[in-house]
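> Got a sequence here, can you build the structure:
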Amino acid sequence: MTIRSKIRLVLCASVATLTVCAGTATAAPHATARLDPSGLKSAMDDVHRAGVPGVYGEVRAAGRTWRGASGVADTTTGRPVSADMRHRVGSITKTFTAAAVMQQVEQGRIRLDAPIGGYLPRLVPGERGRRITVRMLLNHTSGIPDYVPYAFPSLQADSPASLDDNRFRQFTPEELIELGLAAPPAGEPGGPTGVYSNTNYLLLGRLLERVTGTTAEEYITRNVIDRAGLRHTAFPAGARIEGPHSRMYESLYGLIDPARDYSVYNMSWTGTGAALVSTMEDVNRFYGRLLDGGIVSRSSLTQMQRTVPGRALDGTTIEYGLGLHKVVIADCGTFWGHDGTVWGAAMMSLTRADGKRQMSVAVNLARWNERDSSGRPQPHPIDGALSALYRQALCDTDKAPQGPAAAP
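As a prediction, this is how the structure comes out:
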(Lines give C-alpha, C1' and ligand atoms only; values in the text may rest on other atoms or scores of the structure.)
Protein backbone atom coordinates (compact mmCIF):
# COMPACT_ATOMS: atom_id res chain seq x y z
CA MET A 1 0.00 0.00 0.00
CA THR A 2 1.34 3.43 -0.92
CA ILE A 3 1.95 6.15 1.63
CA ARG A 4 -0.82 8.21 0.02
CA SER A 5 -3.25 5.30 0.45
CA LYS A 6 -2.26 4.96 4.08
CA ILE A 7 -2.92 8.67 4.62
CA ARG A 8 -6.38 8.33 3.10
CA LEU A 9 -7.12 5.50 5.49
CA VAL A 10 -5.80 7.41 8.48
CA LEU A 11 -7.93 10.45 7.71
CA CYS A 12 -11.14 8.71 6.67
CA ALA A 13 -14.16 10.28 8.34
CA SER A 14 -15.86 6.92 8.80
CA VAL A 15 -16.94 5.98 12.31
CA ALA A 16 -18.29 2.54 11.46
CA THR A 17 -19.32 0.41 8.55
CA LEU A 18 -22.78 1.94 8.10
CA THR A 19 -21.35 5.33 7.24
CA VAL A 20 -21.11 7.57 4.25
CA CYS A 21 -17.50 6.47 3.82
CA ALA A 22 -18.92 3.02 3.18
CA GLY A 23 -21.67 4.36 0.93
CA THR A 24 -24.83 2.33 0.48
CA ALA A 25 -25.77 -0.23 3.10
CA THR A 26 -28.48 -2.86 3.37
CA ALA A 27 -31.02 -3.08 6.16
CA ALA A 28 -33.34 -5.92 7.03
CA PRO A 29 -36.78 -5.91 5.40
CA HIS A 30 -39.96 -4.72 7.12
CA ALA A 31 -38.35 -1.68 8.73
CA THR A 32 -40.93 0.26 10.74
CA ALA A 33 -41.40 3.87 11.81
CA ARG A 34 -41.58 3.12 15.51
CA LEU A 35 -39.09 4.30 18.10
CA ASP A 36 -37.76 1.66 20.50
CA PRO A 37 -36.05 3.35 23.48
CA SER A 38 -34.95 0.10 25.12
CA GLY A 39 -33.52 -1.22 21.85
CA LEU A 40 -31.64 2.02 21.24
CA LYS A 41 -30.21 2.07 24.75
CA SER A 42 -29.14 -1.56 24.46
CA ALA A 43 -27.46 -0.90 21.10
CA MET A 44 -25.68 2.12 22.56
CA ASP A 45 -24.49 0.09 25.55
CA ASP A 46 -23.10 -2.48 23.11
CA VAL A 47 -20.98 0.23 21.46
CA HIS A 48 -19.53 1.15 24.84
CA ARG A 49 -18.88 -2.49 25.73
CA ALA A 50 -17.14 -2.98 22.37
CA GLY A 51 -14.49 -0.44 23.36
CA VAL A 52 -15.72 3.14 22.90
CA PRO A 53 -15.29 5.09 26.14
CA GLY A 54 -18.41 7.16 25.55
CA VAL A 55 -21.22 7.29 22.98
CA TYR A 56 -24.25 9.59 22.94
CA GLY A 57 -26.92 10.66 20.52
CA GLU A 58 -30.42 11.73 19.62
CA VAL A 59 -32.96 9.92 17.42
CA ARG A 60 -36.19 11.44 16.15
CA ALA A 61 -39.03 9.46 14.59
CA ALA A 62 -42.79 9.76 14.19
CA GLY A 63 -42.90 12.95 16.26
CA ARG A 64 -40.99 11.40 19.16
CA THR A 65 -37.45 12.11 20.36
CA TRP A 66 -35.08 9.77 22.17
CA ARG A 67 -31.79 10.89 23.69
CA GLY A 68 -29.32 8.52 25.25
CA ALA A 69 -25.74 8.00 26.34
CA SER A 70 -23.49 5.20 27.50
CA GLY A 71 -20.02 5.15 29.00
CA VAL A 72 -17.64 7.77 30.27
CA ALA A 73 -16.51 11.22 29.23
CA ASP A 74 -13.24 10.85 31.11
CA THR A 75 -11.48 7.50 31.40
CA THR A 76 -9.45 8.69 34.39
CA THR A 77 -12.25 10.05 36.59
CA GLY A 78 -15.10 7.92 35.29
CA ARG A 79 -17.26 11.01 34.69
CA PRO A 80 -20.22 9.77 32.61
CA VAL A 81 -21.20 11.05 29.19
CA SER A 82 -24.61 12.62 28.70
CA ALA A 83 -26.74 13.13 25.61
CA ASP A 84 -26.56 16.94 25.78
CA MET A 85 -22.76 17.19 25.67
CA ARG A 86 -21.04 19.39 23.11
CA HIS A 87 -18.87 17.68 20.55
CA ARG A 88 -16.45 18.53 17.77
CA VAL A 89 -18.59 17.59 14.77
CA GLY A 90 -15.82 17.60 12.14
CA SER A 91 -16.89 17.68 8.50
CA ILE A 92 -20.55 18.19 9.32
CA THR A 93 -19.28 21.78 9.26
CA LYS A 94 -19.13 21.46 5.47
CA THR A 95 -22.91 21.37 5.20
CA PHE A 96 -23.10 24.64 7.14
CA THR A 97 -20.52 26.22 4.84
CA ALA A 98 -22.29 24.95 1.72
CA ALA A 99 -25.62 26.33 2.94
CA ALA A 100 -24.01 29.73 3.50
CA VAL A 101 -22.60 29.70 -0.03
CA MET A 102 -26.03 28.80 -1.44
CA GLN A 103 -27.56 31.76 0.37
CA GLN A 104 -25.12 34.01 -1.46
CA VAL A 105 -25.99 32.27 -4.72
CA GLU A 106 -29.63 33.14 -4.07
CA GLN A 107 -28.67 36.78 -3.57
CA GLY A 108 -26.70 36.86 -6.82
CA ARG A 109 -23.31 37.51 -5.22
CA ILE A 110 -21.97 34.05 -6.16
CA ARG A 111 -22.58 32.03 -9.32
CA LEU A 112 -22.23 28.29 -8.95
CA ASP A 113 -20.63 27.78 -12.35
CA ALA A 114 -18.38 30.83 -12.24
CA PRO A 115 -14.61 30.25 -12.02
CA ILE A 116 -13.17 30.61 -8.55
CA GLY A 117 -10.28 32.61 -9.98
CA GLY A 118 -12.72 35.41 -10.73
CA TYR A 119 -13.42 35.76 -7.02
CA LEU A 120 -10.04 34.76 -5.55
CA PRO A 121 -7.45 35.49 -8.26
CA ARG A 122 -4.53 35.64 -5.83
CA LEU A 123 -5.35 32.37 -4.11
CA VAL A 124 -6.19 30.39 -7.26
CA PRO A 125 -4.44 32.12 -10.15
CA GLY A 126 -3.94 31.17 -13.78
CA GLU A 127 -5.53 28.33 -15.68
CA ARG A 128 -6.55 26.51 -12.51
CA GLY A 129 -8.51 29.50 -11.34
CA ARG A 130 -10.22 29.74 -14.72
CA ARG A 131 -11.17 26.05 -14.89
CA ILE A 132 -12.33 25.38 -11.32
CA THR A 133 -15.84 26.59 -10.53
CA VAL A 134 -17.60 27.21 -7.23
CA ARG A 135 -19.71 24.11 -7.82
CA MET A 136 -16.57 21.99 -8.23
CA LEU A 137 -15.35 23.12 -4.82
CA LEU A 138 -18.71 22.29 -3.24
CA ASN A 139 -18.93 18.77 -4.71
CA HIS A 140 -15.20 17.99 -4.58
CA THR A 141 -14.68 17.75 -8.35
CA SER A 142 -12.10 20.55 -8.37
CA GLY A 143 -9.13 18.19 -8.52
CA ILE A 144 -7.47 20.12 -5.68
CA PRO A 145 -5.99 17.62 -3.19
CA ASP A 146 -6.42 17.61 0.55
CA TYR A 147 -3.88 19.68 2.48
CA VAL A 148 -4.12 17.63 5.70
CA PRO A 149 -1.33 15.11 4.92
CA TYR A 150 1.01 18.05 4.35
CA ALA A 151 -0.06 20.03 7.42
CA PHE A 152 0.54 16.85 9.48
CA PRO A 153 3.63 15.47 7.70
CA SER A 154 4.53 12.85 10.32
CA LEU A 155 1.48 10.83 9.25
CA GLN A 156 3.35 9.94 6.07
CA ALA A 157 5.95 8.25 8.29
CA ASP A 158 3.38 6.47 10.47
CA SER A 159 4.05 8.80 13.38
CA PRO A 160 1.56 10.83 15.42
CA ALA A 161 4.15 13.53 16.24
CA SER A 162 2.44 16.17 14.08
CA LEU A 163 -0.75 15.90 16.11
CA ASP A 164 1.09 17.08 19.20
CA ASP A 165 3.25 19.57 17.31
CA ASN A 166 0.12 21.29 15.94
CA ARG A 167 -2.03 21.18 19.07
CA PHE A 168 -1.69 24.92 19.71
CA ARG A 169 -0.44 26.04 16.30
CA GLN A 170 -2.34 28.88 14.64
CA PHE A 171 -2.71 28.12 10.94
CA THR A 172 -4.03 30.62 8.44
CA PRO A 173 -6.44 29.45 5.73
CA GLU A 174 -4.06 30.79 3.11
CA GLU A 175 -1.12 28.65 4.18
CA LEU A 176 -3.29 25.52 4.29
CA ILE A 177 -4.79 26.30 0.88
CA GLU A 178 -1.30 26.80 -0.51
CA LEU A 179 -0.29 23.36 0.78
CA GLY A 180 -3.20 21.81 -1.09
CA LEU A 181 -2.60 23.73 -4.29
CA ALA A 182 1.12 22.87 -4.25
CA ALA A 183 0.46 19.12 -3.96
CA PRO A 184 0.04 16.87 -7.02
CA PRO A 185 -3.50 17.31 -8.43
CA ALA A 186 -6.09 14.76 -7.38
CA GLY A 187 -7.79 14.90 -10.78
CA GLU A 188 -8.92 17.14 -13.61
CA PRO A 189 -11.34 19.98 -12.72
CA GLY A 190 -14.90 18.90 -13.40
CA GLY A 191 -14.03 15.22 -13.78
CA PRO A 192 -16.78 12.60 -13.51
CA THR A 193 -15.61 11.44 -10.06
CA GLY A 194 -14.83 13.81 -7.24
CA VAL A 195 -12.05 13.45 -4.69
CA TYR A 196 -12.88 14.55 -1.15
CA SER A 197 -10.66 17.44 -0.10
CA ASN A 198 -10.71 19.81 2.87
CA THR A 199 -8.88 22.39 0.75
CA ASN A 200 -12.08 22.98 -1.22
CA TYR A 201 -13.98 24.09 1.86
CA LEU A 202 -11.28 26.44 3.09
CA LEU A 203 -11.47 28.12 -0.33
CA LEU A 204 -15.24 28.39 0.08
CA GLY A 205 -14.65 30.08 3.42
CA ARG A 206 -12.43 32.68 1.75
CA LEU A 207 -15.05 33.08 -0.97
CA LEU A 208 -17.70 33.87 1.64
CA GLU A 209 -15.40 36.45 3.20
CA ARG A 210 -14.79 38.02 -0.22
CA VAL A 211 -18.47 38.48 -1.11
CA THR A 212 -19.93 39.27 2.34
CA GLY A 213 -17.25 41.57 3.73
CA THR A 214 -17.12 39.65 7.02
CA THR A 215 -15.41 36.48 8.16
CA ALA A 216 -16.96 33.23 7.01
CA GLU A 217 -17.39 32.15 10.63
CA GLU A 218 -19.35 35.32 11.45
CA TYR A 219 -21.53 35.00 8.36
CA ILE A 220 -22.29 31.31 9.00
CA THR A 221 -23.10 32.07 12.64
CA ARG A 222 -25.59 34.84 11.81
CA ASN A 223 -27.20 33.37 8.72
CA VAL A 224 -27.08 29.60 9.22
CA ILE A 225 -26.60 28.77 12.90
CA ASP A 226 -28.88 31.51 14.23
CA ARG A 227 -31.43 31.05 11.44
CA ALA A 228 -31.72 27.37 12.35
CA GLY A 229 -32.27 28.28 16.01
CA LEU A 230 -29.21 26.43 17.25
CA ARG A 231 -28.32 27.33 20.82
CA HIS A 232 -25.21 25.25 21.38
CA THR A 233 -23.40 25.44 18.04
CA ALA A 234 -20.39 27.66 17.40
CA PHE A 235 -16.95 27.96 15.93
CA PRO A 236 -14.54 27.62 18.87
CA ALA A 237 -12.88 30.84 20.01
CA GLY A 238 -9.83 29.00 21.33
CA ALA A 239 -8.39 25.57 21.85
CA ARG A 240 -10.90 24.64 24.55
CA ILE A 241 -14.57 23.74 24.15
CA GLU A 242 -16.96 25.90 26.13
CA GLY A 243 -19.70 24.11 28.01
CA PRO A 244 -20.13 20.45 29.04
CA HIS A 245 -18.18 18.09 26.82
CA SER A 246 -16.27 14.84 26.81
CA ARG A 247 -12.58 14.26 26.49
CA MET A 248 -11.79 13.06 22.97
CA TYR A 249 -9.47 10.11 22.55
CA GLU A 250 -7.39 9.45 19.44
CA SER A 251 -5.90 6.02 18.73
CA LEU A 252 -4.67 6.72 15.16
CA TYR A 253 -5.01 3.06 14.20
CA GLY A 254 -2.90 1.82 17.08
CA LEU A 255 -0.09 4.38 16.67
CA ILE A 256 -1.22 6.02 19.93
CA ASP A 257 -1.57 3.44 22.70
CA PRO A 258 -3.24 4.14 25.04
CA ALA A 259 -5.46 6.56 23.14
CA ARG A 260 -4.63 10.20 23.86
CA ASP A 261 -7.02 13.04 24.71
CA TYR A 262 -7.16 15.77 22.04
CA SER A 263 -10.24 17.62 23.27
CA VAL A 264 -8.05 20.70 23.76
CA TYR A 265 -6.93 21.61 20.25
CA ASN A 266 -6.53 24.72 18.09
CA MET A 267 -8.99 24.10 15.26
CA SER A 268 -7.47 26.64 12.87
CA TRP A 269 -6.12 23.59 11.01
CA THR A 270 -9.60 22.92 9.65
CA GLY A 271 -11.71 26.10 9.91
CA THR A 272 -14.79 26.21 7.65
CA GLY A 273 -14.15 22.58 6.72
CA ALA A 274 -14.54 20.89 10.10
CA ALA A 275 -14.15 23.18 13.13
CA LEU A 276 -17.70 23.50 14.51
CA VAL A 277 -18.73 22.44 18.00
CA SER A 278 -22.36 21.39 18.46
CA THR A 279 -24.75 19.03 20.23
CA MET A 280 -26.68 16.09 18.84
CA GLU A 281 -29.94 17.99 19.33
CA ASP A 282 -28.62 21.01 17.42
CA VAL A 283 -27.27 18.91 14.54
CA ASN A 284 -30.61 17.15 14.11
CA ARG A 285 -32.39 20.48 14.24
CA PHE A 286 -30.03 21.89 11.61
CA TYR A 287 -30.53 19.09 9.10
CA GLY A 288 -34.26 19.11 9.73
CA ARG A 289 -34.49 22.82 8.99
CA LEU A 290 -32.19 22.56 5.97
CA LEU A 291 -34.14 19.74 4.33
CA ASP A 292 -37.43 21.48 5.09
CA GLY A 293 -36.39 24.61 3.21
CA GLY A 294 -35.81 26.72 6.31
CA ILE A 295 -32.19 27.71 5.64
CA VAL A 296 -31.90 27.80 1.85
CA SER A 297 -34.58 27.91 -0.83
CA ARG A 298 -36.09 24.78 -2.32
CA SER A 299 -34.24 25.41 -5.58
CA SER A 300 -30.96 25.73 -3.67
CA LEU A 301 -31.68 22.51 -1.82
CA THR A 302 -32.31 20.79 -5.16
CA GLN A 303 -28.84 21.92 -6.27
CA MET A 304 -27.32 20.65 -3.03
CA GLN A 305 -28.91 17.24 -3.59
CA ARG A 306 -27.52 16.81 -7.11
CA THR A 307 -24.85 14.22 -6.39
CA VAL A 308 -21.79 12.97 -8.21
CA PRO A 309 -19.73 9.88 -7.38
CA GLY A 310 -16.81 10.84 -5.20
CA ARG A 311 -13.82 9.12 -3.68
CA ALA A 312 -13.77 9.42 0.08
CA LEU A 313 -10.57 9.70 2.09
CA ASP A 314 -10.48 5.93 2.52
CA GLY A 315 -10.76 5.34 -1.23
CA THR A 316 -14.38 4.14 -1.22
CA THR A 317 -17.03 5.70 -3.47
CA ILE A 318 -19.71 7.95 -2.01
CA GLU A 319 -22.55 10.00 -3.49
CA TYR A 320 -21.78 13.64 -2.74
CA GLY A 321 -23.82 16.74 -3.53
CA LEU A 322 -23.05 20.29 -2.46
CA GLY A 323 -22.02 19.70 1.15
CA LEU A 324 -24.39 16.74 1.53
CA HIS A 325 -23.91 12.97 1.40
CA LYS A 326 -26.65 10.72 0.06
CA VAL A 327 -27.06 7.33 1.72
CA VAL A 328 -29.63 4.80 0.49
CA ILE A 329 -30.56 2.00 2.90
CA ALA A 330 -32.64 -0.77 1.34
CA ASP A 331 -36.14 -1.11 2.81
CA CYS A 332 -35.49 1.90 4.99
CA GLY A 333 -35.15 4.96 2.77
CA THR A 334 -32.92 7.63 1.32
CA PHE A 335 -31.02 9.71 3.86
CA TRP A 336 -29.11 12.97 3.64
CA GLY A 337 -26.45 14.27 5.98
CA HIS A 338 -22.74 14.00 6.68
CA ASP A 339 -20.26 12.31 8.95
CA GLY A 340 -17.31 13.97 10.57
CA THR A 341 -14.15 13.39 12.51
CA VAL A 342 -11.32 15.37 13.98
CA TRP A 343 -8.59 14.15 16.29
CA GLY A 344 -10.32 12.15 19.01
CA ALA A 345 -13.92 12.76 17.99
CA ALA A 346 -16.27 11.31 15.41
CA MET A 347 -19.96 11.47 14.64
CA MET A 348 -22.66 10.70 12.09
CA SER A 349 -25.86 12.57 11.28
CA LEU A 350 -28.47 11.37 8.81
CA THR A 351 -31.98 12.59 8.08
CA ARG A 352 -34.46 10.70 5.93
CA ALA A 353 -35.58 12.52 2.79
CA ASP A 354 -39.09 12.99 4.16
CA GLY A 355 -37.68 14.48 7.37
CA LYS A 356 -39.51 11.96 9.55
CA ARG A 357 -36.47 10.02 10.77
CA GLN A 358 -33.25 11.53 12.12
CA MET A 359 -30.15 10.26 13.88
CA SER A 360 -27.11 12.04 15.26
CA VAL A 361 -24.58 9.91 17.16
CA ALA A 362 -21.18 10.88 18.57
CA VAL A 363 -18.28 8.85 19.93
CA ASN A 364 -15.28 10.09 21.90
CA LEU A 365 -12.78 7.70 20.31
CA ALA A 366 -11.44 7.93 16.76
CA ARG A 367 -9.57 5.48 14.50
CA TRP A 368 -9.68 2.54 16.88
CA ASN A 369 -8.87 -0.19 14.33
CA GLU A 370 -5.41 -1.72 14.40
CA ARG A 371 -3.68 -2.08 11.02
CA ASP A 372 -2.18 -5.07 9.29
CA SER A 373 1.30 -5.18 7.74
CA SER A 374 0.02 -3.40 4.61
CA GLY A 375 -1.39 -0.54 6.65
CA ARG A 376 -5.05 -1.48 6.18
CA PRO A 377 -7.29 -1.07 9.26
CA GLN A 378 -8.66 -4.39 10.48
CA PRO A 379 -12.23 -5.08 11.66
CA HIS A 380 -12.97 -4.31 15.29
CA PRO A 381 -16.01 -5.16 17.46
CA ILE A 382 -16.77 -1.43 17.61
CA ASP A 383 -17.52 -1.47 13.87
CA GLY A 384 -20.29 -4.04 14.17
CA ALA A 385 -21.73 -2.47 17.33
CA LEU A 386 -21.93 0.97 15.75
CA SER A 387 -23.43 -0.47 12.60
CA ALA A 388 -26.15 -2.13 14.66
CA LEU A 389 -26.82 1.12 16.56
CA TYR A 390 -27.13 3.07 13.32
CA ARG A 391 -29.54 0.54 11.87
CA GLN A 392 -31.61 0.52 15.04
CA ALA A 393 -31.74 4.32 14.97
CA LEU A 394 -32.51 4.72 11.27
CA CYS A 395 -34.74 1.72 10.64
CA ASP A 396 -35.71 0.43 14.09
CA THR A 397 -36.19 -3.07 12.75
CA ASP A 398 -37.54 -5.86 14.91
CA LYS A 399 -34.50 -7.99 14.05
CA ALA A 400 -31.41 -5.90 13.43
CA PRO A 401 -29.07 -7.49 10.86
CA GLN A 402 -25.97 -9.12 12.21
CA GLY A 403 -22.47 -8.08 11.24
CA PRO A 404 -21.19 -5.12 9.23
CA ALA A 405 -23.06 -3.57 6.32
CA ALA A 406 -19.96 -3.37 4.19
CA ALA A 407 -16.22 -3.86 4.45
CA PRO A 408 -14.56 -1.11 6.53
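> any idea how far the residue nearest the centre of the chain is from M85?
Nearest to the geometric centre of the chain sits G340, at 2.2 Å (Cα atoms, centre = their mean). G340 is 15 Å from M85, where distance means Cβ to Cβ, to the nearest Å. Where C-beta positions appear, they are placed from N, C-alpha and C, glycine not excepted.
> can you pull out the helices in this protein?
Applying DSSP state H to the chain gives helices spanning 3-11, 37-50, 93-106, 126-131, 134-138, 148-151, 161-165, 173-182, 198-212, 216-220, 271-274, 280-291, 298-304, 381-394.
> Pipe the ones you listed into TSV and attach distance to R231 and mean neighbour count per row.
Formatted as TSV, the helices of the chain follow (distance: least, Cβ to Cβ, whole Å; neighbours: other Cβ atoms under 10 Å):
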stretch	distance to R231	mean neighbour count
helix 3-11	31	18
helix 37-50	24	18
helix 93-106	15	26
helix 126-131	39	14
helix 134-138	27	25
helix 148-151	31	21
helix 161-165	31	16
helix 173-182	27	18
helix 198-212	23	24
helix 216-220	16	22
helix 271-274	21	27
helix 280-291	7	24
helix 298-304	24	17
helix 381-394	23	25
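> list the contacts for the nearest residue to S251 once chain neighbours are set aside?
Spatially, and ignoring its direct neighbours in sequence, S251 is nearest to A259 (4.3 Å; Cβ to Cβ, 6 or more residues apart in numbering). A259 sits next to 249-251, 344, 365, 368 when contact means Cβ atoms under 8 Å, 6 or more residues apart in numbering.
> per-residue confidence at the residue located most distally from the centre of the chain?
Most distant from the centre of the chain: G126, at 31.2 Å, with distances by Cα atoms, centre = their mean. Among the per-residue scores, G126 shows a pLDDT of 96.
> One more: T32?
We have a pLDDT of 46 for T32.
> so where is this protein shaky, pLDDT-wise?
Along the chain, segments meeting pLDDT under 70 span 1-33, 396-408.
> still on that earlier bit, from N200, how far out is the residue nearest to S251?
30 Å.
> picking up where we left off before, filter the contacts of A259 down to the buried ones.
Those of those that meet the buried threshold are 249-251, 344, 365, 368, by 16 or more other Cβ atoms under 10 Å.
> Pull the most distant pair out of these.
G344 and W368 (11.1 Å; Cβ to Cβ).
> which one of the buried ones among the contacts of A259 is nearest V105?
For the buried ones among the contacts of A259, the nearest to V105 is G344 (34.7 Å; Cβ to Cβ).
> Isn't that closest one up against R367?
No: counting by Cβ atoms under 8 Å, G344 does not reach R367; the two are 9.2 Å apart.
> Find the residues that touch each one of these two.
E250.
> remind me, longest strand of the protein?
strand 333-342 (DSSP state E).
> can you pull the buried residues of that strand?
Going by neighbour count (16+ other Cβ under 10 Å), the buried part of strand 333-342 is 333, 335-342.
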